[in-house]
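In: Would you be able to build a 3D model of this:
(one chain, ligands or ions: 2)
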Amino acid sequence: MTADAASPAGAQEPLAFNLVVMGVSGSGKSTAGAALADRFDTDFIEGDQLHPAANVAKMAAGTPLDDNDRLPWLKAIGRRMAEADDAAKGIVVACSSLKRSYRDILRAATRRPVIFIFLDGSHALLKERMLTRTSHFMPPSLLDSQLATLERPTEDEDFIRIDLDGDIDAELEAAADAIAARPLAG
Ligand SMILES: Nc1ncnc2c1ncn2[C@@H]1O[C@H](COP(=O)(O)OP(=O)(O)OP(=O)(O)O)[C@@H](O)[C@H]1O
Ligand SMILES: O=C(O)[C@H](O)[C@@H](O)[C@H](O)[C@H](O)CO
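Out: Ligands and ions are numbered 1, 2, ... in the order given. Below is the predicted model:
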């Protein structure tokens, strides 16, 4: 999906929301997040780059993170979102946001409304992706703990589900079109 897929970037209204692309490891947050940032001609924050080194080492060693590990990381991501509050447009963030309480931290960190883009795939698809990708710190062995920790967004949260076992590009395009068409108060 590129900015000119729907229209040249300059021809659309500035993104009025912050978009957080969420999902377990291997779900495609970095890939989809970069594509959405391109579509809306805005900044993309790769949440994984904001992990304390100890978190990366812990995951690379095959140990799942806990709430205490994730809190400083989520606050760092929240600070980046807050820094963009006075900019002319929202930003796109890739952050697993596995628990509702994590999503609450991100929602509270910014004045802009947050829409979570939930990348939702089958175990088989996710496992295959993690097994075939190279040079990433996250071992495939942690997929089950990611899925066990995941609290799916609920209807009272502002989110758009992307079915990874469907036509991902088409679903992302439709999601971007829906976001672009949404009134800010909506
Ligand atoms: N739409 C897609 N179709 C097929 N493969 C994809 C798609 N998007 C991403 N992938 C592949 O899935 C793997 C994970 O993608 P990506 O790194 O974007 O996920 P992630 O959620 O950011 O992962 P992590 O959270 O572990 O960093 C990569 O090998 C990537 O090439
Ligand atoms: O919440 C978590 O357990 C972590 O954020 C992981 O999801 C990693 O950030 C990322 O997915 C790397 O694979």
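In: Pretty sure residue 174 sits in a helix.
Out: Yes - assessed by DSSP: H, G, I helix; E, B strand; the rest coil, residue 174 belongs to a helix.
In: Return the distance of it relative to residue 95.
Out: Note on residue 174: its distance to residue 95, by C-beta to C-beta, to the nearest Å, is 22 Å. Yep, even glycine has a C-beta here, placed from its N, CA and C like the rest.
In: what's the answer for residue 152, then?
Out: 16 Å.
In: Equivalent analysis for residue 112, please.
Out: Distance, residue 112 to residue 95, using C-beta to C-beta: 15 Å.
In: Counting neighbours around each, name which of these two comes out higher.
Out: A count of neighbours by other C-beta atoms under 10 Å puts residue 95 above the other of residue 112 and residue 95, at 28 against 21.
In: show me what contacts the more buried one?
Out: Listed by C-beta atoms under 8 Å, 6 or more residues apart in numbering, the contact partners of residue 95 are 20-22, 29, 47, 74, 77, 102, 106.
In: Next, residue 93: secondary structure please.
Out: strand.
In: Can you name the residues bridging to it?
Out: residue 20, residue 45 (DSSP bridges).
In: for ligand 1, what are the nearby residues on this structure?
Out: By C-beta under 6 Å from any ligand atom, the part of the chain that sits against ligand 1 consists of 23, 25-31, 48, 94, 96, 129, 133, 136, 138, 168.
In: shouldn't residue 80 be in contact with residue 45?
Out: Yes - in this structure, residue 80 is within contact of residue 45 by C-beta atoms under 8 Å, at 5.0 Å.
In: So which of the residues of the chain next to ligand 1 sits lowest on pLDDT?
Out: pLDDT across the residues of the chain next to ligand 1 is lowest for residue 136, at 89.
In: how many neighbours does it have?
Out: Neighbours of residue 136 (other C-beta under 10 Å): 14.
In: in this structure, which spans are helices?
Out: With DSSP state H, the ranges of helices along the chain come out as 3-6, 29-39, 53-60, 67-83, 100-109, 123-132, 143-149, 168-181.
In: now the ones you listed as CSV including mean neighbour count and distance to ligand 2?
Out: Formatted as CSV, these follow (neighbours: other C-beta atoms under 10 Å; distance: least, C-beta to the nearest ligand atom, whole Å):
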stretch, mean neighbour count, distance to ligand 2
helix 3-6, 15, 26
helix 29-39, 21, 7
helix 53-60, 14, 6
helix 67-83, 17, 6
helix 100-109, 18, 8
helix 123-132, 14, 8
helix 143-149, 16, 6
helix 168-181, 16, 17
